[in-house]
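A.B. asks: Sequence plus the predicted model coming up.
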Amino acid sequence: MPPTDLPLRSVIVGTGSAAPERVLTNADLEKMVNTSDEWIVTRTGIRERRIAAPTEATSDLAVAAARPALAMAGIDPKDVELIVVATATPDMLFPATACVVQAKLGAARAAAFDILAACSGYLYALKVVDGLLRTGVYRNALVIGAETLSKVLDFTDRNTCVIFGDGAGASVLVPKAGDRGVLSTHVYADGTGGELIQIPAGGSRQPASAESVARRAHYIKMRGNETYKIAVRRMEEVVLECLEANRVRPGDIDVVVPHQANLRIIEAVVSRLGVSMEKVVLTIEKYGNTSAACIPMALDIAVRRGRVKSGDLVLMVAFGGGLTWGAGLIRW
Ligand code: UT7
């Protein structure tokens with residue numbers, strides 16, 4: 001069959017990732033809040049995370065991840081047509097961080113916008129971009145998940161400050177006729193659970209004021225244990241839907257690139273599916289939970305280590321604030 005008879009699919013042709021230099025270890029956190037390395041490692045799998053410098057913002061990490069991704073793809077920033085940044089920690093309320101990235105890259109032709117779906121942001125972005133590429137709206141797109149969660153972490157709250165970290169991951173996608181590429185993406189939301197993870201203030205509901213700052217209302221609040229239980233259920237559910245949509249069995253999956261919120265969540269989901277942990281790309285130990293950046297960072301690390309080979313079936317799954325969750329399947 002000539003290639004033109006095959007469906008157009010969005011193919012990832014470049015990946016990149018970046019993280020700040022500063023490492024914050026569990027031992028460092030022991031000096032800041034009432035916690036222990038033992039508790040953090042056994043409850044989350046995290047040993048250390050990266051923390052942005054005071055002068056470093058989300059767009060800086062996003063650009064540092066985008067450059068190697070574009071280089072791998074062989075695409076000049078001037079030729080980029082669309083930039084989508086998934087982030088819950090934008091440089092500022094507006095303009096969009098994607099516009100800041102566009103300017104820094106010199107991607108003068110690119111349309112640029114942000115997506116806010118917290119830890120599921122990369123999969124939401126992939127869903128939108130996949131639709132735009134397969135229908136011929138754009139000829140290439142740069143999808144970035146980037147966060148500086150340390151800027152909104154309360155380092156007196158042990159429920160949150162031990163879990164999150166900073167980083168960015170980027171993917172460059174182009175439409176190509178064939179059977180490789182994004183096979184499907186499935187994303188969901190349940191706004192009734194929005195209070196489980198949120199930054200209450202700084203928007204139009206609770207504008208920034210001296211009072212909101214005094215209440216520490218600009219920091220992440222999370223009801224971790226409740227979130228945990230819903231996450232496991234929803235992630236399993238959406239993966240099964242994704243596999244069924246593609247007539248794929250769990251045993252057919254070659255590589256799993258999950259959101260890295262908690263090692264126990266990842267283990268619970270893959271064991272429910274009957275997938276071996278050997279197939280799972282883990283970055284949580286070194287980077288913690290970098291929210292929207294987790295999946296594209298892990299994907300880049302896996303690609304550069306040769307863990308993802310041509311023809312592999314790559315499963316991605318995430319859950320986060322919103323509540324939001326999603327899964328995606330790629331034939332690499
Ligand atoms: O990124 C996407 C969205 N987020 C998630 O998916 C996160 C999901 N949640 C989690 O990962 C876990 O719920 C946490 C890691 C946040 C917490 O683990 P847990 O096993 O659910 O612990 P817990 O909240 O039920 O707390 C158990 C105990 C409590 O003490 P008591 O009441 O049993 O005496 C907590 O006060 O652990 C205590 N605790 C800590 N102890 C030491 C909570 N945080 C800490 C800490 N160090 N950092």
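C.D. replies: Sure, I can see it.
A.B. asks: for the residue nearest the centre of the chain, helix, strand, or coil?
C.D. replies: Centroid-nearest residue in the chain: Ala292, 2.7 Å away (criterion: C-alpha atoms, centre = their mean). Recorded secondary structure, Ala292: helix (DSSP: H, G, I helix; E, B strand; the rest coil).
A.B. asks: and if you look at Val269?
C.D. replies: For Val269, the assignment made with three-state DSSP gives helix.
A.B. asks: Let me know the distance separating it from the ligand.
C.D. replies: 11 Å (C-beta to the nearest ligand atom, to the nearest Å). (Glycine included, C-beta is placed from N, CA and C.)
A.B. asks: Could I get the contacting residues of that residue?
C.D. replies: Applying C-beta atoms under 8 Å, 6 or more residues apart in numbering, we find Val269 in contact with Val232, Met235, Glu236, Val239, Pro258, Val317.
A.B. asks: can we see that at 7 Å?
C.D. replies: Val232, Met235, Glu236, Pro258, Val317 (C-beta atoms under 7 Å, 6 or more residues apart in numbering).
A.B. asks: out of those, which are inside helices?
C.D. replies: The helices, defined by DSSP state H, take in Val232, Met235, Glu236 from the contacts of Val269.
A.B. asks: Among the residues you listed, which ones lie close to the ligand?
C.D. replies: Among those, not one lies near the ligand by C-beta under 6 Å from any ligand atom.
A.B. asks: can you pick the most crowded of those?
C.D. replies: When neighbours are counted by other C-beta atoms under 10 Å, Met235 leads these with 26 neighbours.
A.B. asks: ok, now which ones touch Ile284?
C.D. replies: Contacts for Ile284 were tallied using C-beta under 7 Å, 6+ apart; they are Gly45, Ile46, Gln260, Leu263.
A.B. asks: Relative to Gly169, which of the contacts of Val269 is nearest.
C.D. replies: Set against Gly169, the nearest of these by C-beta to C-beta is Pro258 (13.4 Å).
A.B. asks: Quick one: residues contacting that closest one.
C.D. replies: Contacts of Pro258 (C-beta under 7 Å, 6+ apart): Ile266, Val269, Val280, Val317.
A.B. asks: returning to that earlier point: could you dump the contacts of Val269 into CSV with pLDDT added?
C.D. replies: Listed next are the contacts of Val269 as CSV, based on pLDDT from 0 to 100:
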residue, pLDDT
Val232, 97
Met235, 97
Glu236, 97
Pro258, 98
Val317, 98
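A.B. asks: Quick check: closest non-adjacent residue to the residue of the chain found nearest the ligand.
C.D. replies: Closest to the ligand within the chain is Gly224: 2.7 Å, counting by C-beta to the nearest ligand atom. Distance criterion C-beta to C-beta, 6 or more residues apart in numbering; nearest residue to Gly224, sequence neighbours excluded, is Asn159 at 5.8 Å.
A.B. asks: Which secondary structure state is assigned to that neighbour?
C.D. replies: Applying three-state DSSP: Asn159 is helix.
A.B. asks: Might you report the residue contacts of Ala73?
C.D. replies: Contact analysis of Ala73 by C-beta under 7 Å, 6+ apart lists Val13, Gly14, Val172.
A.B. asks: who in the stretch 1-150 of the chain is up against the ligand?
C.D. replies: Thr35, Trp39, Arg43, Thr44, Cys119.
A.B. asks: Cool, thanks, talk later.
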